[in-house]
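1. No sequence on hand, only this structure:
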């Protein structure tokens, strides 16, 4: 009798081995992708927390509009009754290097910073 395994059995075993290897590679790639996504999510959450800690509050009545044609100033009644919160957003959230500051001084709200345009960049208030 011929003791060699049948060709179909050999092919089946090879397919099972290849399938296991492909599955292991897919699991590793998926795991690495999930790890990277978790790292990005943590970085965004940290940025949001740190940015909110630097919010600047302006007292009620801070906002004054100047009418261009007459030069008169008005305080919008809807905004007059509550304080306003301002915050800054830089490209740091996307890995950029731009920086900015936001402070409320006697003269008003002061937003200053430096834009790094190497690969894009932004800072806003």
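-> Yep, it's here. The structure presented is a predicted model; accordingly, all values stated were derived computationally and were not measured.

2. ok, which stretches of the protein are helices?
-> 7-53, 77-80 (DSSP state H).

3. mind checking which of these is nearest residue 88?
-> Closest to residue 88 of those, according to Cβ to Cβ: helix 7-53, at 6.7 Å. Yep, even glycine has a C-beta here, placed from its N, CA and C like the rest.

4. What mean pLDDT does that closest one get?
-> Per-residue pLDDT over helix 7-53 has a mean of 80.

5. Kindly report the same for stretch 109-123.
-> 84.

6. Can you point out the buried residues in that stretch?
-> Under the neighbour-count criterion of 16 or more other Cβ atoms under 10 Å, stretch 109-123 has 113, 115, 116, 121, 122, 123 buried.

7. contacting residues around the first one?
-> When contacts are counted by Cβ atoms under 8 Å, 6 or more residues apart in numbering, residue 113 touches 88, 90, 98, 99, 100, 101, 123.

8. State the pair within those residues that is farthest apart.
-> Taking Cβ to Cβ, the two most distant members of the contacts of residue 113 are 98 and 101; they sit 11.7 Å apart.

9. Buried members of the contacts of residue 113 into ChimeraX, please.
-> The ChimeraX selection below is limited to those of the contacts of residue 113 classed as buried (16+ other Cβ under 10 Å):
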select :88,90,98,99,100,123
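
10. Make JSON lines from the contacts of residue 113 and add distance to residue 18 to it.
-> Shown next, in JSON lines, are those (distance: Cβ to Cβ, whole Å):
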{"residue": "88", "distance to residue 18": "53"}
{"residue": "90", "distance to residue 18": "48"}
{"residue": "98", "distance to residue 18": "49"}
{"residue": "99", "distance to residue 18": "52"}
{"residue": "100", "distance to residue 18": "54"}
{"residue": "101", "distance to residue 18": "58"}
{"residue": "123", "distance to residue 18": "52"}
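
11. Sort out which one of the contacts of residue 113 lies nearest residue 16 for me.
-> The closest of the contacts of residue 113, once distances to residue 16 are taken by Cβ to Cβ, is residue 90, at 52.3 Å.

12. Could you tell me what pLDDT the model assigned to that closest one?
-> On the pLDDT scale, residue 90 gets 82.

13. Now for it: which residues touch it?
-> Residue 90 touches 96, 98, 99, 100, 113, 122, 123, 124, counting by Cβ under 8 Å, 6+ apart.

14. No more questions from me, cheers.
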